[in-house]
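I would like the atomic coordinates for the input below:
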Amino acid sequence: MFYDTMLVLAMVMVISGLYHAIVHNWLLGLESAPTGFNPLLSTILLFVMFFFFAHFWGKNGQTLGMQAWRLRVRSTKTGRNLTLIQSLLRFIVAIPALGLAGLGVFWIVIDKKKRTWYDRYSESEVVLIPKKGD
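Residues are numbered from 1 along each chain as shown. Coordinates of the predicted model:
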């Protein structure tokens, strides 16, 4: 999760910089960005983060951070990569699961099948990929 967070933060910084350069500086002619909440930028960033995860979960079941640890997310029903709907459910439920002091992640300790909230609601599971030769 840490590796993917670093990648997402880098994307957020680049996209925010581009947004401010294009929208505020070029289109609106402002020298500096206004302070406060920006709903358009927040929406753009939310979509970008979702499509980052949905792309990797749907393509090969692994984000770049998951590849480093030989982890893969897959559908519990089919054993295949996640569908777009499963990715959306996983992403949406992960927000409160992480935001509530990680309660939805630490749910692994309570759950009999060792699943997080977002695993349960998206009908997915994270599995360890065996080393080559094992």
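
distance of residue 12 relative to residue 108?
Note on residue 12: its distance to residue 108, by Cβ to Cβ, to the nearest Å, is 27 Å. All C-beta spots, glycine's among them, are computed from the backbone N, C-alpha and C.

just residue 67 next, same as before
Taken as Cβ to Cβ, the span from residue 67 to residue 108 is 21 Å.

then residue 37?
As for residue 37, its distance to residue 108 is 33 Å (criterion: Cβ to Cβ).

the two: who's more crowded?
Taking neighbours as other Cβ atoms under 10 Å, residue 37 and residue 108 compare with residue 108 leading, 14 against 6.

for the more buried one, which non-adjacent residue is spatially closest?
residue 114 (5.1 Å; Cβ to Cβ, 6 or more residues apart in numbering).

now the one you found. Its backbone dihedrals?
Main-chain torsions, residue 114, degrees, to the nearest 10: phi 60, psi 50.
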